[in-house]
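K.L.:
here is my input; please provide its structure:
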Amino acid sequence: MTFLISHVTIATPWLIAVGFVVGILGGFFGVGGSFLAGPALYVLGLPMNYVVGTDIAHIVGKSVVAAKKHRALGNVDIKLGLLMALGTIPGVEVGARLVQALKRTKHADVALGLSFSIVLLVISAFIIWESLGALRRSRASKTGKIRTRNAPKKDRLHFNSLWQWIHGVRIRPMIRLPISGIRVSFWAVLGISLIGGFFSGFLGGGAGYIRMPMLVYVLGVPTHVAIGTDLFEIILSAGYGTFSHALKGNVDILIALVMHTGAAIGAQIGAQATEKFHGPGIRLAFAPLPILGAATLLYELHHRGLL
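P.N.:
Below you'll find the model as predicted:
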């Protein structure tokens, strides 16, 4: 099928299959799935600026389905998600404008592809180190057990120094988040949402690959709540990102809609599956996926003679 906006021909079963797989992973890990959907769309022949815009458009619908499921499981901190939107939207706009600047220089594919790959590899390396450390520790008192107030779910981290330091910062206004079981400065929430929004606008998707780890390691939010809250926040950030990229001509909405037919089913399966795993296990299972996305992207750049 030839898509009239991007003028690219792609078999629709491939798009549905990509949407379904990314939907399962998104519902399970609380991410938009751009670390896999982006490279997959690039391999299927979509130019990189359309990859960024179209990927973020398909994420909106899938995140609605997954967030609704996590909400029913008690994994969504709506107050935290709404506060994060205050920083995410300006960050998305800055990232999207940077994409426009790169598009004018004709170097968008190389710059975005390399940036995306480096970010994914760094995140994976850190999560593998941290998750293995948490799984090796058997005594929760040494690893920092976190328990939500309204739910019996608990989490265990090996890397505790950052969120403990953030909780000690008393710059007003301080915010109490009962669902996440934490009390933290508003400015810490604003900071991580700005970073997440920038990566969403610059590299596409909902940026859950960086926001979900930051919620856990920087704010100390339990993994299950971080997954559900990230999906809720992605609805807001990806919605604005879709609007911004659509105005700049980077969205092929028909491709996004075809992908969503598979993603809507996969997202519900993935969300339900989180109830079967503990936090460190979910994080460790997540770690290889960004590596796969980075490897696919680097291979395709090399295959096209851009590296």
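
K.L.:
which residue is nearest the middle of this protein?
P.N.:
Gly208 (1.4 Å; Cα atoms, centre = their mean).

K.L.:
per-residue confidence at it?
P.N.:
The model reports Gly208 with a pLDDT of 76.

K.L.:
now do Val258
P.N.:
For Val258, pLDDT reads 90.

K.L.:
repeat for Ser193
P.N.:
Confidence for Ser193, expressed as pLDDT, is 91.

K.L.:
can you get me a residue count around it?
P.N.:
28 (other Cβ atoms under 10 Å). The way it works is simple: take the backbone N, C-alpha and C, and place the C-beta from them, glycine included.

K.L.:
again with Met1
P.N.:
By other Cβ under 10 Å, the residues close to Met1 number 11.

K.L.:
how about the contacts made by the residue nearest to Thr2 when sequence neighbours are not counted?
P.N.:
Of all residues not flanking Thr2 in the chain, Thr9 sits nearest, at 4.5 Å (Cβ to Cβ, 6 or more residues apart in numbering). By Cβ atoms under 8 Å, 6 or more residues apart in numbering, the contact list for Thr9 reads 1-3, 45.

K.L.:
low-confidence regions, the stretch 201-307 of the chain specifically.
P.N.:
204-206, 279 (pLDDT under 70).

K.L.:
ranges for the helices of it?
P.N.:
For the stretch 201-307 of the chain, applying DSSP state H, counting those that start in this stretch gives helices covering 208-217, 223-247, 253-273, 279-286, 288-303.

K.L.:
just want the phi and psi numbers for Pro178.
P.N.:
Pro178 has phi and psi values of phi -60, psi -40 when expressed as degrees, to the nearest 10.

K.L.:
would you mind measuring from it to His58?
P.N.:
Distance, Pro178 to His58, using Cβ to Cβ, to the nearest Å: 33 Å.

K.L.:
element containing the closest residue in space to His245 that isn't next to it in sequence, please.
P.N.:
Taking Cβ to Cβ, 6+ apart, and ignoring the residues beside it in sequence, His245 has Gly53 as its nearest neighbour in space, at 3.5 Å. Using DSSP states H and E, Gly53 maps to helix 48-72.

K.L.:
list the buried residues of that helix.
P.N.:
48-71 (16 or more other Cβ atoms under 10 Å).

K.L.:
circling back to that earlier point, contact partners for the residue nearest to His245?
P.N.:
Counting by Cβ under 8 Å, 6+ apart, the residues that Gly53 touches are 204, 242, 245-246, 248, 250-252.

K.L.:
and if you look at His245?
P.N.:
52-53, 56-57, 96, 99, 251.

K.L.:
quick one: Asn49 and Lys103 touch, right?
P.N.:
Yes: using Cβ atoms under 8 Å, Asn49 is in contact with Lys103, at 5.3 Å.

K.L.:
so Leu284 versus Leu219, what's the distance?
P.N.:
The span separating Leu284 from Leu219 equals 20 Å under the rule Cβ to Cβ.

K.L.:
before we move on, back to that, tell me which of the contacts of His245 is nearest to Ser200?
P.N.:
Ile56 (6.9 Å; Cβ to Cβ).

K.L.:
pLDDT score for the closest one?
P.N.:
For Ile56, pLDDT reads 80.

K.L.:
please name the nearest non-neighbouring residue to it.
P.N.:
Distance criterion Cβ to Cβ, 6+ apart; nearest residue to Ile56, sequence neighbours excluded, is Gly241 at 4.4 Å.

K.L.:
how deep is that neighbour tucked in, by neighbour count?
P.N.:
35.

K.L.:
look up phi and psi at Met174.
P.N.:
Torsion angles, degrees, to the nearest 10, at Met174: phi -90, psi 140.

K.L.:
ok, it to Thr12 distance?
P.N.:
Using Cβ to Cβ, Met174 is found at 50 Å from Thr12.

K.L.:
same check, this time on Ser6
P.N.:
For Ser6, the distance to Thr12 - Cβ to Cβ - is 14 Å.
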